[in-house]
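**Student:** Next one to model:
(chains A and B)
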There are 2 protein chains.
Amino acid sequence: MFYSKRDLHFQLFENIDALSLTSFDYFKDHNRETFEMVLDAADQIGMTSLRPLLTEMDRQEPQLVDGKILVHEGMKKIYRQYGEDGWINACFSYEEGGQQLPNTIQSAVGFIWQAANYSASVYPFLTSGAANLIRTFGSKELIERFTPNLYNAKWQGTMALTEPDAGSSLSDLSTTAYPTEIEGIYKIKGQKIYISCGDHDACENVIHLMLARIKGAPAGVKGISMFVVPQKRTETGASNDVLTEGLYHKMGYKGAPIAHLMIGSNDGCEGFLVGEPHKGLPYMFQMMNEARIGVGMNAAAIGTAAYNSALAYAKERPQGRKINEKDPSKPQVPIIEHADVKRMLLFQKSIVEGSLSLLLYCAKLGDLVHVAEGQEKEDAVLLLDLLTPIAKSYPSEMCCLTTSAAVQVLGGAGYTTDFPVEQYYREARIHPIHEGTTGIHGLDLLGRKVLMQDGRAIRIFAEKIMQIIVEAKVESSLLPFAEKLEKYLQRAQQTSGHLFAKVGKNPEEFLADATLYLEYLSILTIAWQWLHQGFVSRKALDSGTPEKDFYQGKIMCMRYFFEYELVKMDGLGKRLVSGDIVTVEMRGEWF
Amino acid sequence: MFYSKRDLHFQLFENIDALSLTSFDYFKDHNRETFEMVLDAADQIGMTSLRPLLTEMDRQEPQLVDGKILVHEGMKKIYRQYGEDGWINACFSYEEGGQQLPNTIQSAVGFIWQAANYSASVYPFLTSGAANLIRTFGSKELIERFTPNLYNAKWQGTMALTEPDAGSSLSDLSTTAYPTEIEGIYKIKGQKIYISCGDHDACENVIHLMLARIKGAPAGVKGISMFVVPQKRTETGASNDVLTEGLYHKMGYKGAPIAHLMIGSNDGCEGFLVGEPHKGLPYMFQMMNEARIGVGMNAAAIGTAAYNSALAYAKERPQGRKINEKDPSKPQVPIIEHADVKRMLLFQKSIVEGSLSLLLYCAKLGDLVHVAEGQEKEDAVLLLDLLTPIAKSYPSEMCCLTTSAAVQVLGGAGYTTDFPVEQYYREARIHPIHEGTTGIHGLDLLGRKVLMQDGRAIRIFAEKIMQIIVEAKVESSLLPFAEKLEKYLQRAQQTSGHLFAKVGKNPEEFLADATLYLEYLSILTIAWQWLHQGFVSRKALDSGTPEKDFYQGKIMCMRYFFEYELVKMDGLGKRLVSGDIVTVEMRGEWF
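**Tutor:** Residues are numbered from 1 along each chain as shown, chains lettered A, B, ... in the order given. As a prediction, the model looks like this:
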């Protein structure tokens, strides 16, 4: 199995208490039964539709033929199924044909599919995000024109941001929108690169949510507007002059086509302004923030699939004997009995389950942002803002390492294409790059998030951590963990204070180690998640649960994280307060 | 360029003083000029023969057709060239047709080729190793029969160890040798997997140096013997019943064929005993120890090629502006001006140049083992033994991370097949696996090497580190680095002492974190290498060298390593002395 259903249920129903959402009016028709039905349906799709194509979609890459990208034949049925079963708009309101499903449950659905077949999971996710932007910021006319065929998955949605000279630096994008005689309609000209699902033959049309600059708009991020740019004119089905110039071939994640698009080369591309002019970036950030949590989830899901492959292998593969056994005539033991193999498995388990815990917690915050009110909502907004760069980057960076550990558990076999772990290793590597590189998220966290509203978000963050520390201290077996986390939290506050003192003096110096600060705070965050999981598991064990193995595994994994991962804050913390600004002083010509 | 010729010369002639070898009689005909001629010739081959096929050999994988592995057509010319130019036996004596070239220089040659095209570099390396085993342990008859066509690269050599049930656990291998009426000749039966260059059409015959168990031999490692097993009978060219059962398809390193061999399925396989019965493993370890240093070099070379790709990209790619520049109308700057990009480049530079320094130092120790006498030789033997697991594993593990950093510097472009960095990322991943996994080397270091001769090797190690600490302390600008290294050395000694106290009590507990100990001691080792490089560079700067940029880069890189890498010992050290044996206590059923 590529994920643990038991753990997913633990995360949702015991760890983050997703059911508490049903006390809000918007979710009142839901209950554990409806949630489980949704998860079971997703599990079925994952098992029967997505999983069987995992390897094939990697080996038979999309092809660009006569200007059209052709994807794996199986994607047609899969993509149609997403629409027919109502997955694209499941979170939207009843009035919109949705099921008012919490984002939290939809995220868990995504997790299952991403673990089953990451490439195949990307298509509906993008469509859902594009539809969400139109329904949130678009006019009634745009909504009526575009959303129905996105919801039913006849069409594909995309986010079209990146350009050859504007990747991380979005303020430099130069695709231009020229006003026409009809209000709201513009002629678009430019090019976009790295557009996921930017063109393919498993849908009838592609609807790009595209950033462009209205002719004469101010330079920088303040001059960017958002447009709906269909590949084909919706009235006639004729070309809208969005041409597929190229198809990227990639190390992994091969089943999803990434396109290079030429827009309006023949002056024939018409785009529809979404909302007001010059507000494109704030609009897009709604989708990007969700997409960022989504990327963290992708990484955790791929890490989970790799972990489960490695675990199954370790239980079956005999090799070597226990350290104390020198007699070569004794049978070999399964490698899971070796401490070093258990270490590699605990590493993976602690990262993927710690990440999943954080990601579903963030998904729940996302729901609270929509349905809660007053202080609860405000806190959710701030905390989610603060946690987004962590939830995006930590799983992304770490699951490159956990998939690597999965390869290592299999040894030589893991390096061959006979097992899926090498594919997971290749697929994991995209996540520290797309939806903002790790470096960008470091700058976001240290340069913006921790400072906003005079540090209120980070105070809420510390309060939440203290809550579980206080609760855990009551349990004698958890006391040492609670105390250790408290000590690291205090140290993190000191380290942060030390950095903040540099803000005004020298911004470059202040931000030089933002990526390390992101890692530093991420480890603390995941330790918090593990103390929470440990606390819930301790309670279950104390109440005499029959599932002793499951909960004991959680306790051990918490121990692992505190022993092997949390201590990494020591070296990072030392570096963060060092005065040696070697990366600032280094010069290009010295390399 | 895929490597820095300037840095390679620095490493050889300034850092490890390879010329000092020419004071030994065996190398007396050599001098800087002959060394540079060799390096220039290797550079030419790298540039003109190997490099042009880097991408093609990855895309056009070897194929198994009618029981024969066909490799890239270009390998025929390349492999022949290795033989014709005398590279296979360059280190061997004049009497053997060699050039008495130091292993140190040959290692540098390997580094160039591995950086140019790793797959293509593997073929001659294996042949050279196999020939070396035959000339060292084989009878005169075996030497005459097999070595000439290995030297001239008509034939390919291999190391045939691994079996389906005996990978890391070599003591379990079951390939069997049955005595025949002719002394020294045995019938061999069994199977071998993961045999690099185990069969291909760029040579006329394949000569396997194969481990097998003579019928009736004791179980375990003490019953293993070594045989020369040709693919074809050398007298007639007829099949020797070594059949290619399969070809592994791999994540990277695709240009070198890895075979699954069936030996003697038709009772027709004849093998020649090398040396004495039951001594196969000690014999093989001569080759394996060299191969292990070689694997570290492969990793460092691939890391170097990736670093140079990333560096060239960072100098040319404009994106974003300096932190202090808010005006979007100002032109973008090359990304090498961003502190976080410089950090990622310094990371790569510090790892690959730190590793290269260690690896060439080890290669020189290998030369001293052969040519030195008395105490100098004894010390070299012990120090090389101790450093081998470090020199193999640290570059292997870390260059997975440096190639990842190279991908990250390129961003989305790095994930596409338009640039070579994704290939480097895939190719780097084999090194923590082959020639003993990192876990095996951890056990070797902690369980064997540091304890041998009552810890004498580790005392020599500490003395060598103290030598440069004492020298560096005299330079005021190096004093802080010398003091820091001294402090970490002392701590490492304490940590080691803490671990040694567990040896007798509970071996499993003692060795549970051997992999972490390996990483811990590796970081100290590379910091030592960096202080050495920093010291040499400081001297050059003080003497008024015109190459200020080069040496300044070295000083900065030393600073980087001490600031960002050395501090990782803090968390590792804390874990190593912790009493929580979570990985020992964890049970399979709890996962």
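**Student:** drop to CA atoms for contacts and neighbour counts, all remaining ones
**Tutor:** Will do.
**Student:** Burial check on the residue of the stretch 351-500 of chain A found nearest chain B, number of neighbours?
**Tutor:** When Cα to the nearest Cα is the measure, the stretch 351-500 of chain A has its nearest residue to chain B at A:Thr416, with 4.2 Å between them. Other residues lying near A:Thr416 total 21 when counted by other Cα atoms under 10 Å in any protein chain shown.
**Student:** same question, A:Leu281
**Tutor:** By other Cα under 10 Å, 20 other residues sit near A:Leu281.
**Student:** In PDB, list the C-alpha atoms belonging to the host helix or strand of A:Ala472.
**Tutor:** In the assignment (DSSP states H and E), A:Ala472 maps to helix A:452-473. What follows is helix A:452-473 as a C-alpha-only set of coordinates in PDB (Å, rounded to 0.1, in the frame of the first residue of the first chain):
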ATOM      1  CA  MET A 452       4.100  41.500  10.400                       C
ATOM      2  CA  GLN A 453       1.900  43.300  12.900                       C
ATOM      3  CA  ASP A 454       4.900  43.700  15.200                       C
ATOM      4  CA  GLY A 455       5.500  40.000  15.400                       C
ATOM      5  CA  ARG A 456       1.900  39.000  16.400                       C
ATOM      6  CA  ALA A 457       1.900  35.900  14.200                       C
ATOM      7  CA  ILE A 458       5.000  34.500  15.800                       C
ATOM      8  CA  ARG A 459       3.500  35.200  19.300                       C
ATOM      9  CA  ILE A 460       0.400  33.200  18.400                       C
ATOM     10  CA  PHE A 461       2.700  30.500  17.100                       C
ATOM     11  CA  ALA A 462       4.600  30.400  20.400                       C
ATOM     12  CA  GLU A 463       1.300  30.300  22.300                       C
ATOM     13  CA  LYS A 464       0.000  27.400  20.400                       C
ATOM     14  CA  ILE A 465       3.300  25.500  21.100                       C
ATOM     15  CA  MET A 466       3.100  26.400  24.800                       C
ATOM     16  CA  GLN A 467      -0.400  25.000  24.900                       C
ATOM     17  CA  ILE A 468       0.600  21.500  24.100                       C
ATOM     18  CA  ILE A 469       3.800  21.800  26.200                       C
ATOM     19  CA  VAL A 470       1.600  22.600  29.200                       C
ATOM     20  CA  GLU A 471      -0.700  19.800  28.500                       C
ATOM     21  CA  ALA A 472       2.100  17.300  27.900                       C
ATOM     22  CA  LYS A 473       3.900  18.200  31.100                       C
END
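**Student:** confidence score at the residue of the stretch 351-500 of chain A closest to chain B?
**Tutor:** Looking at A:Thr416, its pLDDT stands at 98.
**Student:** next one: phi and psi at the residue lying closest to it once chain neighbours are set aside?
**Tutor:** Distances taken as Cα to Cα, 6 or more residues apart in numbering or on different chains put B:Lys250 closest to A:Thr416, at 4.2 Å, once the chain neighbours are dropped. In this entry, B:Lys250 is assigned phi and psi values of phi -120, psi 170 (degrees, to the nearest 10).
**Student:** quick revisit: got the buried residues for the helix holding A:Ala472?
**Tutor:** Of the residues in helix A:452-473, those scored as buried under the neighbour-count criterion (16 or more other Cα atoms under 10 Å in any protein chain shown) are A:452, A:456-458, A:460-462, A:465-466, A:468-469, A:472-473.
**Student:** and the residue nearest to A:Thr416, what does it touch?
**Tutor:** B:Lys250 makes contact with A:Tyr415, A:Thr416, A:Thr417, according to Cα atoms under 8 Å, 6 or more residues apart in numbering or on different chains.
**Student:** Helices along the stretch 351-500 of chain A, start to end?
**Tutor:** For the stretch 351-500 of chain A, the helices identified by DSSP state H, counting those that start in this stretch occupy A:374-410, A:412-415, A:421-428, A:438-444, A:452-473, A:479-500, in order along the chain.
**Student:** Out of the ones you listed, which is closest to B:Ile263?
**Tutor:** helix A:412-415 (20.6 Å; Cα to Cα).
**Student:** Confirm A:Met558 sits in a helix?
**Tutor:** Yes - with DSSP: H, G, I helix; E, B strand; the rest coil as the criterion, A:Met558 is assigned to a helix.
**Student:** now it, nearest residue through space, not along the chain?
**Tutor:** Using Cα to Cα, 6+ apart, the closest residue to A:Met558 is A:Trp530 (5.4 Å).
**Student:** ok, back up a step: tell me the spacing between the residue nearest to A:Thr416 and A:Leu50.
**Tutor:** Between B:Lys250 and A:Leu50 the computed distance is 24 Å (Cα to Cα, to the nearest Å).
**Student:** Then A:Pro395?
**Tutor:** Using Cα to Cα, A:Pro395 is found at 22 Å from A:Leu50.
**Student:** Likewise for A:Phe561?
**Tutor:** The value you get for A:Phe561 to A:Leu50, if Cα to Cα is used, is 32 Å.
**Student:** again, but for A:Met466
**Tutor:** Here A:Met466 is placed at a distance of 41 Å from A:Leu50 (Cα to Cα).
**Student:** More neighbours: A:Pro395 and A:Leu50, which one.
**Tutor:** Remark: of A:Pro395 and A:Leu50, A:Pro395 carries more neighbours, 33 against 25, as counted by other Cα under 10 Å.
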